[in-house]
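*Asks:* Sequence and predicted structure are below.
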Amino acid sequence: MLPCPRTTRQQAKGEGMKITIPEIKAIRETIGGTHVVLYAVDTEGNMHVATHGETAKQAGEAAIAGNKLKAALGWPDNLCHDKPLPRIHENCHFYEKDWGIHCFNGWSGDGTNGHCHLEPKKEWVKGEEIACRHFEPKI
């Protein structure tokens, strides 16, 4: 008999085991796959599901497969509708918002634009634009 799944989103994300996006991405790259759905059980018997896809479309497909797996394992319905993090600059680890210059009446910018610090020279980008192929989520 399978252990009972956790019942809340916070518990499902885990105080015990934590599967990070860089870890699941490394597994996907190591096996050479385009999609990966990882099912794990920690020492306390709590179930964990993590997904990753190479492209945004494949990440969405992996999330659908992960949601179906969670539903088949008897997870509560509210935990079976997860979607991947949007791959935009604003959610990327290498992105830094630019607030402009601080003057007597506050900041000159609103933080909607910023810089990608991945390349040797920082690149000006808009936060809501689709991120580059080196996207690493902020965690």
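*Replies:* Yep, it's here. Residues are numbered from 1 along each chain as shown.
*Asks:* where's the spatially most central residue of the chain, which helix or strand?
*Replies:* Central residue of the chain (Cα atoms, centre = their mean): residue 85, 4.7 Å from the mean position. In the assignment (DSSP states H and E), residue 85 maps to no helix and no strand.
*Asks:* For it, give its distance to residue 60.
*Replies:* 11 Å (Cβ to Cβ, to the nearest Å). C-beta: built from backbone N, CA, C; applies to glycine.
*Asks:* same check, this time on residue 92
*Replies:* Residue 92 is 18 Å from residue 60, by Cβ to Cβ.
*Asks:* Over to residue 42?
*Replies:* Going from residue 42 to residue 60 by Cβ to Cβ gives 27 Å.
*Asks:* Repeat that for residue 34.
*Replies:* To residue 60, residue 34 is 12 Å away according to Cβ to Cβ.
*Asks:* Quick check: neighbours shared by the two?
*Replies:* Counting by Cβ atoms under 8 Å, 6 or more residues apart in numbering, the shared contacts of residue 34 and residue 60 are residue 53.
*Asks:* all helices for the chain, in order.
*Replies:* Taking DSSP state H as the criterion, the chain carries its helices at 9-13, 21-31, 56-72.
*Asks:* For the last one, give the mean pLDDT please.
*Replies:* This means helix 56-72. Averaging pLDDT along helix 56-72 gives 93.
*Asks:* swap in the second one?
*Replies:* Mean pLDDT, helix 21-31: 89.
*Asks:* Remind me what that helix packs against, helices and strands.
*Replies:* In terms of contacts (3 or more Cβ pairs under 8 Å, 6 or more residues apart in numbering; DSSP states H and E), helix 21-31 is packed against strand 35-41, strand 47-53.
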